[in-house]
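Participant: I need the structure of the sequence given here:
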Amino acid sequence: MKTRICVSVKAKKIDELEWKAKRALDVGGDLVELRIDYLENPFVDRLKKLVLDLSDKVIITVRPSWEGGEFKGGENSRIELINELSSLNPAYIDLELKTIKDYKFNFNSETKKIISWHNFEYTPSVDMLSSLVSEMLKIGDIAKIVAMVNGFEENLKLLRLYRIYPSDKLIAFGLGEKGLTSRILSLLMGAPIIYTCLPGEEVAPGQPTIGEILEVVNLLEGRLIWK
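Facilitator: Numbers count the residues shown, from 1 in each chain. Here you go, the predicted structure:
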């Protein structure tokens, strides 16, 4: 399966989020991740049209502050918002491992669940990461492991997971400038999604732009390496 290029977009206002989402698809994104947690007033009524318009191309993420997000409200209001947005049947919804273990959700079977886990300090051992992935795949459709990379070896820890699990069910990459290696190589490993951003709009340390990844893809295709 060819890796789909996702563009993460953030904004304080819904009108701005809508513009950026459409821009992300216009410039070559296959998917767009709506970072709802950045919105000052994430009213579902105003978000409904945007989510329905994007339909099979949208990933909904409402990331809490305790996992690197920007959501300012309480946990109960965040969970309520996730449930309301999930009722719109987005293509994907991203939930932290802790969140889905602590709360119950009733998602439509057509919405794929990306279960995510982040470490913003370092990359743990392969054994620990593997244990997390196994737990995540029992709950969701795709396991997403994201960790800060402080040296090349930590990239390898993340990439080794692709030898253990089906590549179409795993997204594993590093944060920071030194983590860019694992982001790009995840394309070759068969990850279902690679995350990018609009220029100057990164939502995670070291996140490449959509233009940069499209150029990488073109180079790989030109060498007949990536199919």
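Participant: do you know how far the residue sitting nearest the centre point of the chain is from Val9?
Facilitator: The residue at the geometric middle of the chain, judged as the C-alpha nearest the mean C-alpha position with Cα atoms, centre = their mean, is Tyr195 (6.1 Å). With distances defined as Cβ to Cβ, to the nearest Å, the gap from Tyr195 to Val9 amounts to 11 Å. From N, CA and C alone the C-beta is placed, and that goes for glycine too.
Participant: do the same with Glu177
Facilitator: Glu177 sits at a distance of 22 Å from Val9 (criterion: Cβ to Cβ).
Participant: Looking at these two, which one has more neighbours?
Facilitator: Val9 (24 against 10; other Cβ atoms under 10 Å).
Participant: which ones are touching the residue lying closest to the more buried one once chain neighbours are set aside?
Facilitator: Sequence neighbours aside, Lys20 is the residue nearest to Val9 in space, at 4.1 Å (criterion: Cβ to Cβ, 6 or more residues apart in numbering). When contacts are counted by Cβ atoms under 8 Å, 6 or more residues apart in numbering, Lys20 is found next to Val9, Lys10, Ala11, Leu198, Glu201.
Participant: what helix or strand is Lys20 on?
Facilitator: Secondary structure here is read from DSSP states H and E; on that basis Lys20 sits in helix 14-26.
Participant: Show me what the following helix or strand past that helix packs onto, helices and strands only.
Facilitator: Moving toward the C-terminus from helix 14-26, the first helix or strand encountered (DSSP H and E) is strand 31-35. With contacts defined as 3 or more Cβ pairs under 8 Å, 6 or more residues apart in numbering; DSSP states H and E, strand 31-35 has these neighbours: strand 4-9, helix 14-26, helix 44-54, strand 58-61.
Participant: re earlier: quick check: the residue nearest to the centre of the chain is in a strand.
Facilitator: Yes: if the criterion is DSSP: H, G, I helix; E, B strand; the rest coil, then Tyr195 is within a strand.
Participant: Let me see the contact set for it.
Facilitator: Cys6, Ser8, Glu33, Ile171, Phe173, Arg183, Ala204, Gln207.
Participant: rerun that using 10 Å as the cut-off
Facilitator: Under the criterion of Cβ atoms under 10 Å, 6 or more residues apart in numbering, the contact partners of Tyr195 comprise 5-8, 31, 33, 59, 144, 146, 171, 173, 183, 186, 202-204, 207-208, 210, 213.
Participant: ok, what's across the strand from it?
Facilitator: Cys6 (DSSP bridges).
Participant: before we move on, what about His118?
Facilitator: Beta-bridge pairing for His118 (DSSP bridges): Val146.
Participant: how near is it to Gly190?
Facilitator: For His118, the distance to Gly190 equals 22 Å [Cβ to Cβ].
Participant: burial of the nearest residue to Leu180 once chain neighbours are set aside, as a residue count?
Facilitator: What sits nearest to Leu180 in space, not counting adjacent residues and going by Cβ to Cβ, 6+ apart, is Gly206, at 5.5 Å. For Gly206, the neighbour count with other Cβ under 10 Å is 18.
Participant: again with Lys138
Facilitator: Using other Cβ under 10 Å, Lys138 has 9 other residues around it.
Participant: wait, is it part of a helix?
Facilitator: Yes: applying three-state DSSP, one finds Lys138 inside a helix.
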